[in-house]
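Asker: no sequence on this one, just coordinates:
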């Protein structure tokens with residue numbers, strides 16, 4: 001039925017409390033800034049947030065997300081690109097792993113992914129591409145699905161767009177060589193995952209950690225709780 005399945009990560013493959021995750025994320029980043037004398041923590045967090053928003057708004061298709069972030073960050077922060085890269089790399093290596101406390105694997109997710117990967121379909125981790133690959137791999141491992149041979153994992157090193165832009169989904173389809181009409185996007189956020197419909201992808205809305213502000217113009221083709229998703233995958237792909 002589908003040539004490719006795209007999975008969101010946070011709240012879809014991984015049971016995670018994103019509010020407390022980001023609260024700890026920025027607290028820990030600030031602590032490292034003090035330890036490394038990289039600058040005043042509150043100002044650093046503001047600079048990172050502004051740079052992330054600039055990255056989210058960048059749609060010229062020329063900059064990678066990493067390039068868009070770094071361009072804005074370096075315009076605000078008194079450091080070189082190498083110093084910024086070293087700081088963030090150390091943060092992800094030293095501080096980020098402790099954030100696992102805000103997450104837990106969904107029961108049965110590893111088994112579902114193992115079954116799907118036995119079939120001749122392309123599996124994509126279509127997570128919001130604002131992170132480098134390393135922290136994405138950590139979260140895949142926390143979800144117990146980190147060892148599978150994915151066709152693509154969207155990270156900020158190589159993606160040029162972010163959700164909810166339709167170009168984000170189009171870039172995935174182009175990279176994996178699949179017609180968008182033959183793709184299924186699975187996610188828990190109506191605002192960020194359902195826009196895959198804009199380029200003809202089908203969608204499954206996962207309701208376990210549903211994020212819905214009620215203003216999305218898109219409706220999912222299918223929706224359900226975790227058990228419903230497992231049943232859907234078995235009936236559709238087995």
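Answerer: Right, received. Where do you want to start? Because the structure is predicted, anything quoted here is derived from the model rather than measured.

Asker: looking at the protein, which helix or strand is least sure?
Answerer: helix 226-237 (a mean of 92; mean pLDDT, DSSP states H and E).

Asker: Please list the residues outside that helix that contact it.
Answerer: 1-2, 5, 106-108, 112, 115-116, 119, 121, 186, 204, 206-208, 222, 224 (CB atoms under 8 Å, 6 or more residues apart in numbering). C-betas here are computed from N, CA, C, even on glycine.

Asker: Stretch 71-87 now?
Answerer: Applying CB under 8 Å, 6+ apart, the contact partners of stretch 71-87 are 32-33, 36, 38-39, 44, 47-48, 50-51, 54-55, 63, 70.

Asker: What is the end-to-end distance of stretch 68-85?
Answerer: 14 Å (CA to CA, to the nearest Å).

Asker: Which helix or strand contains the residue of the chain most remote from its centre?
Answerer: The outermost residue of the chain relative to its centre, with distances by CA atoms, centre = their mean, is residue 37 at 29.7 Å. Using DSSP states H and E, residue 37 maps to neither a helix nor a strand.

Asker: PyMOL command to pick out the buried ones of the contacts of helix 226-237?
Answerer: To isolate the buried ones among the contacts of helix 226-237 in PyMOL, judged by 16 or more other CB atoms under 10 Å, type:
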select buried, resi 2+5+106+112+116+121+186+204+206+224
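
Asker: quick one: which of the contacts of helix 226-237 sit in strands?
Answerer: If you go by DSSP state E, those have 5, 186, 204, 206, 222, 224 in strands.

Asker: Could I get the residues you listed in JSON lines, plus columns for pLDDT and distance to residue 84?
Answerer: Below are the ones in strands among the contacts of helix 226-237 laid out as JSON lines (pLDDT from 0 to 100; distance: CB to CB, whole Å):
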{"residue": "5", "pLDDT": "97", "distance to residue 84": "35"}
{"residue": "186", "pLDDT": "98", "distance to residue 84": "34"}
{"residue": "204", "pLDDT": "98", "distance to residue 84": "38"}
{"residue": "206", "pLDDT": "98", "distance to residue 84": "35"}
{"residue": "222", "pLDDT": "98", "distance to residue 84": "42"}
{"residue": "224", "pLDDT": "98", "distance to residue 84": "42"}
